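just need the structure, nothing else, for what follows:
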Amino acid sequence: MACRIYRWSGRLLLFGVLLLAGLLLPQLPAVAQSQLVGNGIRGDYYEGTNFQKFVLSRRDATLAFDWGHMPPALGMPTEYFSVRWTGWLVPPATGRYVLHVTVDDGIRIWVNNRLIMDEWRPQPVSRFTTAISLKAGEPYHLRVEYYQDILDTRAVVTWERPDEPLTAPPASWRNLWGATAQVPKPAPIPTQFLFRENPKAVAARVVPPLPPPTEREVPAQALAVAVAKRAEADIRPTRPPSLPPSLARAAGKPAVAAFSPSAGAAAVKRLPTQPVPARVATASRAISNAQLASLSVGEALTLPELYFNQGQARLLPAARELLDGLAAALSAQPGLRFEVQGHTDNVGNAELNRLLSQQRADAVCLYLTAHGVAAGRLRPKGFGGTQPVADNADPAQRPLNRRVVLRRL
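As a prediction, this is how the structure comes out:
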């Protein structure tokens with residue numbers, strides 16, 4: 001009898017454990033997903049006090065550097081250099097944050113493209129503060145620029161959190177009733193709250209959709225694969241059925257007619273000095289050199305060959321070749337300033353598309369500044385899918401909306 005009771009009690013205990021596990025396990029993924037863990041911020045290092053010569057990029061765990069009289073990285077000088085940190089800040093609590101900065105020499109800080117600190121000048125070790133209200137769990141685009149002139153080299157950013165006020169501990173016998181109490185000091189922003197990419201946008205790209213792709217989505221995916229394989233041949237991710245209007249007018253006929261097998265030789269005779277393939281390949285350089293200066297203030301120009309794969313802000317090889325020519329043209333005309341506009345298609349969440357378009361504009365500006373264009377001449381801005389130039393319902397035209405536009409300021 002005692003043996004039977006023991007068996008039944010053991011079974012009941014096992015059943016209870018399994019039931020409890022069944023209740024708890026479904027909740028574990030939600031808890032893990034809600035706890036975003038950062039991986040630091042991107043640092044781009046340059047020779048010169050105004051980002052003249054790009055040297056290297058690396059991941060920095062936080063924004064607290066005291067290099068003394070040593071170079072900040074291998075291959076960098078000890079003086080006359082500049083650094084640009086870009087990434088995303090995800091606050092742990094909602095409320096007012098106070099940033100404390102210790103710097104020698106100049107520093108500027110933007111949060112969501114809003115300049116909240118501008119101390120850009122040669123100076124000895126100095127301390128500054130600024131405050132901003134942030135919402136818990138919301139990604140904020142963070143950009144910090146620093147330059148070192150001579151002597152001491154320091155750039156330290158610390159913060160006061162609204163949920164952890166810097167107040168003295170209560171008086172007790174442990175601190176001699178307040179006589180030896182120490183007030184906490186602002187701490188550097190922990191790595192867990194800093195991200196190189198927007199964590200929400202990355203999560204949206206990484207998690208696969210539950211339903212299978214529709215027939216409309218297949219051409220866009222196949223297009224992305226084709227672009228990756230043929231980028232070295234300077235082929236656009238997608239191409240409209242005919243040449244752009246300006247090139248079509250120059251040729252006198254659509255691109256299809258110029259390349260048809262039956263009219264190939266005749267087309268060459270009609271355009272002996274301006275073959276259509278060469279014009280398409282060099283259109284970016286022609287625009288960069290001839291049209292930038294002719295743009296009026298407020299006038300916009302779409303950069304040809306500068307398109308993106310769906311859901312990505314990574315520059316394709318063909319785009320890098322275009323930007324090399326554009327950087328040279330901008331360097332030759334230092335008086336021009338532009339708003340660099342990022343655009344997307346309308347697939348997915350509108351807010352995530354806006355953030356993605358901002359990343360695309362930032363990627364273009366970062367590439368240009370790394371190749372000698374002063375950062376102050378460029379203003380990145382993302383518009384998401386609010387300004388389409390092609391039919392988003394047509395998979396063949398949709399990639400044309402994933403573009404970058406220059407608007408003269």
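
average pLDDT for the strand or helix carrying Arg96?
The secondary structure element spanning Arg96 is strand 95-104 (assigned by DSSP states H and E). Averaging pLDDT along strand 95-104 yields 95.

tell me what that strand is packed against?
Applying 3 or more CB pairs under 8 Å, 6 or more residues apart in numbering; DSSP states H and E, we find strand 95-104 packed against strand 106-111, strand 114-119, strand 126-134, strand 153-160. Where C-beta positions appear, they are placed from N, C-alpha and C, glycine not excepted.

and for the helix or strand following the last one, what are the contacting residues?
Following the chain from strand 153-160 toward its C-terminal end, the next helix or strand by DSSP H and E is strand 187-188. For strand 187-188, the surrounding residues in contact (CB atoms under 8 Å, 6 or more residues apart in numbering) are 62-64, 156-159.

closest to Leu306 among those?
Set against Leu306, the nearest of the contacts of strand 187-188 by CB to CB is Leu63 (31.2 Å).

circling back to that earlier point, got a markdown table for the helices and strands packed on strand 95-104, with mean neighbour count and distance to Gly335 too?
Shown next, in a markdown table, are the helices and strands packed on strand 95-104 (neighbours: other CB atoms under 10 Å; distance: least, CB to CB, whole Å):
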| stretch | mean neighbour count | distance to Gly335 |
| --- | --- | --- |
| strand 106-111 | 20 | 22 |
| strand 114-119 | 14 | 22 |
| strand 126-134 | 14 | 32 |
| strand 153-160 | 20 | 31 |
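
could I get those as CSV with distance to His343?
Output for these, formatted as CSV (distance: least, CB to CB, whole Å):
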stretch, distance to His343
strand 106-111, 21
strand 114-119, 22
strand 126-134, 28
strand 153-160, 32
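
for Val404, which of those is the nearest?
strand 106-111 (20.1 Å).

and of the contacts of strand 187-188, the nearest to Glu79?
Set against Glu79, the nearest of those by CB to CB is Val156 (18.3 Å).

any stretches of this structure with poor pLDDT?
Along the chain, segments meeting pLDDT under 70 span 1-36, 168-169, 173, 175, 177-179, 181, 183, 201-290, 305.

domains of it?
As assigned by automatic domain parsing, the chain contains the domains 41-169+182-201, 216-408.

any chance of the ones you listed in CSV, plus distance to Leu176?
Shown next, in CSV, are the domains of the chain (distance: least, CB to CB, whole Å):
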stretch, distance to Leu176
domain 41-169+182-201, 12
domain 216-408, 52
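
which of the helices and strands packed on strand 95-104 sits closest to Tyr45?
Nearest of these to Tyr45, taken as CB to CB: strand 153-160 at 11.9 Å.

quick revisit: for the helices and strands packed on strand 95-104, which one sits closest to Arg377?
Using CB to CB, the nearest of the helices and strands packed on strand 95-104 to Arg377 is strand 106-111, at 15.1 Å.

who are the packing partners of the closest one?
Strand 106-111 packs on strand 95-104, strand 114-119, strand 126-134, strand 140-148, going by 3+ CB pairs under 8 Å, 6+ apart.

in CSV: the ones you listed, plus distance to Arg402.
Shown next, in CSV, are the helices and strands packed on strand 106-111 (distance: least, CB to CB, whole Å):
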stretch, distance to Arg402
strand 95-104, 34
strand 114-119, 26
strand 126-134, 30
strand 140-148, 20
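
among the ones you listed, which is nearest Thr86?
strand 140-148 (5.1 Å).

can you list the helices and strands that that closest one packs against?
Right, strand 140-148 is packed against strand 81-89, strand 106-111, strand 153-160 by 3+ CB pairs under 8 Å, 6+ apart.

relative to strand 153-160, how tilted is the longest one?
Regarding strand 81-89 and strand 153-160, their directions subtend 20 degrees when assessed with axes from the mean of the first three to the mean of the last three CA atoms, to 10 degrees.

ok, strand 81-89: who's next to it in the sheet?
strand 41-47 (antiparallel), strand 140-148 (antiparallel), strand 194-195 (antiparallel) (DSSP bridges).

what's the angle between the second one and strand 126-134?
Computed by the same axes, to 10 degrees, the angle separating strand 140-148 from strand 126-134 equals 170 degrees.

in CSV, list the C-alpha atoms belonging to strand 140-148.
These are the backbone C-alpha positions of strand 140-148, laid out as CSV (Å, rounded to 0.1, in the frame of the first residue of the first chain):
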residue,chain,number,x,y,z
TYR,A,140,17.5,57.2,-31.2
HIS,A,141,20.0,57.9,-33.9
LEU,A,142,23.2,59.1,-32.2
ARG,A,143,26.0,61.0,-33.9
VAL,A,144,29.1,62.4,-32.0
GLU,A,145,31.9,64.2,-33.7
TYR,A,146,35.2,65.0,-32.1
TYR,A,147,38.5,66.6,-33.1
GLN,A,148,41.9,66.8,-31.5
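
with distance to Arg379 added, can I get the helices and strands packed on strand 140-148 in CSV?
Shown next, in CSV, are the helices and strands packed on strand 140-148 (distance: least, CB to CB, whole Å):
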stretch, distance to Arg379
strand 81-89, 15
strand 106-111, 11
strand 153-160, 23
